[in-house]
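S.K.: following is a predicted model, sequence given first.
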Amino acid sequence: MSLKVWGTLPGEDELQFGGDRVAPGREGWFRAVDVRAGAPTAFRWLCQLRVAPYSYDWIDNGGRRSPRALTPGVEALAEGQRWMTIFDLVAFEPGEQLTFRMATRTGRRLFGDILITYRVRDLGPGRSRLVAKLHVPEPHGPLERLTRPLLAAGDLVMMRRQLLNLARLAEAQLV
């Protein structure tokens with residue numbers, strides 16, 4: 001199993017992602033999951049990342065449980081908004097994509113200038129895919145080179161849980 005790719009279908013690594021325009025030429029790490037809900041519902045649940053990370057709450061949400069119901073207003077998107085406590089929204093296409101950039105100084109020092117694009121693929125009535133691409137810069141300095149394998153492994157574990165949680169919630173609560 002690759003730490004850089006999980007759950008993708010053939011060709012999903014060739015899709016256009018918002019982070020490709022923001023920071024072109026970077027290495028891409030991909031994560032994806034099927035959703036038994038339409039693209040609008042899946043995208044609305046992606047917008048919940050504005051209020052919580054939806055992965056392992058005891059690790060990255062201070063032990064607070066990520067909401068299990070939609071939070072009104074979080075779908076009102078604007079560049080510069082803080083998401084998941086450590087990212088800023090830097091680009092978006094309503095109903096389709098959200099692109100975040102690592103906003104904290106500590107995060108950038110440890111892992112580099114990471115961008116993440118979440119994309120919803122419409123597969124027809126009641127079916128969609130959540131596909132995420134991490135836009136990873138070349139490591140600068142010994143600390144980033146040392147932490148890069150840890151970032152890949154940790155991200156795979158956390159983002160896998162996040163995408164599975166969002167898919168499950170979208171499937172259970174149609175918008």
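M.R.: Thanks, I have it.

S.K.: could you find the closest non-adjacent residue to Leu46?
M.R.: Closest residue to Leu46 apart from its sequence neighbours, by Cβ to Cβ, 6 or more residues apart in numbering: Tyr118 at 5.2 Å. Bear in mind the C-beta positions are built from the backbone N, C-alpha and C, glycine included.

S.K.: tell me the secondary structure for the one you found?
M.R.: Three-state assignment for Tyr118 (DSSP: H, G, I helix; E, B strand; the rest coil): strand.

S.K.: what bridges to it?
M.R.: Legend: beta-bridge partners of Tyr118 under DSSP bridges are Leu98, Ala132.

S.K.: list the contacts for it?
M.R.: Tyr118 makes contacts with 46, 49, 97-99, 130-132, as judged by Cβ atoms under 8 Å, 6 or more residues apart in numbering.

S.K.: quick one: distance of the least confident helix or strand in the chain by mean pLDDT to the chain centre.
M.R.: Sorting the helices and strands of the chain by mean pLDDT, DSSP states H and E puts helix 57-60 at the bottom, at a mean of 75. Once both centres are worked out by Cα atoms, centre = their mean, to the nearest Å, helix 57-60 turns out to sit 16 Å from its chain's centre.

S.K.: same deal with stretch 94-108?
M.R.: Average the C-alpha atoms of stretch 94-108, do the same for its chain, and the two points are 8 Å apart (Cα atoms, centre = their mean).

S.K.: swap in stretch 44-59?
M.R.: With Cα atoms, centre = their mean as the basis, stretch 44-59 stands 10 Å off its chain's centre.

S.K.: name the residues of that stretch that come out as buried.
M.R.: Neighbour-count burial for stretch 44-59 flags 44-55, 57 (criterion: 16 or more other Cβ atoms under 10 Å).

S.K.: ditto for stretch 106-121
M.R.: By neighbour count with 16+ other Cβ under 10 Å, stretch 106-121 contains the buried residues 107-108, 110-112, 114-121.

S.K.: so where's the chain uncertain?
M.R.: 1, 61-62, 174-175 (pLDDT under 70).

S.K.: pick out the residue closest to the middle of it.
M.R.: Tyr118 (4.7 Å; Cα atoms, centre = their mean).
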